[in-house]
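Novice: only geometry, no sequence info:
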């Protein structure tokens with residue numbers, strides 16, 4: 001049996017726990033009160049139709065007495081570590097999926113902790129007793145069903161799908177509830193009149209692979225209660241990114257360049273702190289009409305220098321033909337590896353030597369920032385930009 005745990009409105013719940021004035025109130029977490037997006041919405045806020053990723057201005061239109069909290073990621077990370085420690089005390093086979101979500105393989109734990117239901121309740125009780133937070137738990141014979149089960153009775157729910165129930169549950173499961181079935185896939189599902197996961201049985205595998213690609217094989221397996229994905233106990237973070245919703249929509253190249261530089265430094269600093277290098281650099285832009293694009297590049301050699309990340313991000317941005325103003329800019333890296341792990345290097349060039357030199361400079365800057373704060377030392381161009389903004393306000 002696989003257990004899936006999902007914390008209930010995690011960030012908002014922590015703020016409500018720590019501030020009695022927020023209890024029972026509609027609360028959202030967002031770094032920007034006017035131009036940001038909703039990171040997490042409390043269940044009181046969700047009753048107004050407010051949800052994650054919704055622009056804050058729309059959330060305020062739906063609820064005029066909405067409480068907007070900037071959030072505290074360090075506090076949330078501390079709580080997450082405590083939760084993962086509780087889960088690890090029940091089973092060593094643990095896969096954290098995100099800061100507030102994880103899978104636990106509870107096979108063989110019955111002798112110590114009782115039935116699956118008893119294990120689920122014990123986990124819920126320990127989390128509430130130690131952190132005053134609720135969670136929803138799903139337990140099923142296969143991984144994908146445990147995740148679906150945890151979402152069925154939120155908040156503070158416990159849902160178990162045993163082997164005797166599994167076939168009927170799969171037969172009646174709405175196809176849009178299956179992980180990985182998004183808007184594009186649903187268009188094909190509608191054309192094929194597939195309404196439930198059980199309906200997949202009516203189609204041969206060649207038809208499914210023609211319509212859904214590699215996902216066709218997985219849909220066939222899931223419809224038969226087969227989930228070949230196993231728990232990954234040594235999950236490695238897939239990417240690091242930093243983004244900002246701008247105070248005003250912009251199209252000016254130099255301003256965007258400064259934002260890209262600032263985020264490249266932030267991302268590079270996080271990379272080096274973890275002892276990682278990256279093999280992919282990407283940028284994200286959201287426009288004034290809320291449409292968005294991402295562009296990425298796979299690198300020949302791994303990097304962790306902020307200057308190298310910025311060069312790649314800027315090159316990606318230069319290739320974009322802008323027709324609309326920009327409201328959000330982000331920079332990120334992927335393909336993360338341990339810096340000391342062996343990997344194939346290309347021929348040493350003047351450019352690669354310069355990247356290594358910049359890495360040494362960045363490491364020195366990181367040491368200063370760690371001791372005195374990130375605002376103590378900045379790129380000269382960023383300092384000039386900040387000063388120009390101050391002078392503009394004074395004028």
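Specialist: Done, it's in. The model shown is predicted, which means the values in this text are computed figures rather than measured ones.

Novice: Helices along the stretch 51-200 of the chain, start to end?
Specialist: Assigned by DSSP state H, counting those that start in this stretch, the stretch 51-200 of the chain shows helices spanning 56-62, 73-88, 110-113, 116-131, 143-150, 163-172, 183-191.

Novice: With respect to burial, which of these scores highest?
Specialist: Scoring those by mean neighbour count under mean count of other C-beta atoms under 10 Å gives helix 143-150 as the most buried, with a mean of 23. C-betas here are computed from N, CA, C, even on glycine.

Novice: Tell me which residues are up against it.
Specialist: Helix 143-150 is contacted from outside by 2-6, 103, 136-140, 157, 159-161, 166, 169-170, 173, 177-179, 222, 227, 229-231, using C-beta atoms under 8 Å, 6 or more residues apart in numbering.

Novice: Buried only: go through the residues you listed for me.
Specialist: 2-6, 103, 136-140, 157, 159-161, 169-170, 173, 178, 222, 227 (16 or more other C-beta atoms under 10 Å).

Novice: Pretty sure residue 185 sits against residue 212.
Specialist: Yes. Counting by C-beta atoms under 8 Å, residue 212 is a contact partner of residue 185 at 6.2 Å.

Novice: domains for this structure, by residue range?
Specialist: Following automatic domain parsing, one gets these domains for the chain: 10-73, 166-223, 239-394.

Novice: And the one residue sitting closest to the centre of the chain, what's its pLDDT?
Specialist: Nearest to the mean C-alpha position of the chain, counting by C-alpha atoms, centre = their mean, stands residue 98 at 6.7 Å. At residue 98, the model reports a pLDDT of 86.

Novice: Tell me the bridge partners for it.
Specialist: residue 101 (DSSP bridges).

Novice: how about low-confidence regions in the stretch 151-300 of the chain?
Specialist: Applying pLDDT under 70 to the stretch 151-300 of the chain flags the ranges 232-237.

Novice: And the strands in it?
Specialist: Applying DSSP state E, counting those that start in this stretch to the stretch 151-300 of the chain gives strands spanning 158-160, 239-250, 276-287, 292-303.

Novice: neighbouring contacts of the first one?
Specialist: Taking C-beta under 8 Å, 6+ apart as the criterion, the residues outside strand 158-160 that touch it are 116-117, 120-121, 124, 136-140, 149-150, 152-153.

Novice: just stretch 314-323 next, same as before
Specialist: So stretch 314-323 is contacted by 251, 256, 257, 260, 281, 282, 283, 285, 293, 295, 296, 297 (C-beta under 8 Å, 6+ apart).

Novice: Run through the residues that contact the second one.
Specialist: In other words, residue 256. 250, 317, 326, 329.

Novice: gap between it and residue 206?
Specialist: With the distance defined as C-beta to C-beta, to the nearest Å, residue 256 ends up 47 Å from residue 206.

Novice: next one: the last one
Specialist: With distances taken as C-beta to C-beta, residue 297 is found 36 Å from residue 206.

Novice: Please say which of these two ends up with more neighbours.
Specialist: Shown here are residue 297 and residue 206; by other C-beta atoms under 10 Å, residue 297 has more neighbours (15 against 9).

Novice: What is the neighbour count of residue 318?
Specialist: Neighbours of residue 318 under the rule other C-beta under 10 Å: 9.

Novice: Got the confidence number for it?
Specialist: For residue 318, the model assigns a pLDDT of 94.

Novice: ok so, going back, could I get the contacts of stretch 314-323 as CSV with distance to residue 48?
Specialist: Formatted as CSV, those follow (distance: C-beta to C-beta, whole Å):
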residue, distance to residue 48
251, 34
256, 35
257, 39
260, 36
281, 39
282, 34
283, 34
285, 29
293, 30
295, 35
296, 36
297, 41
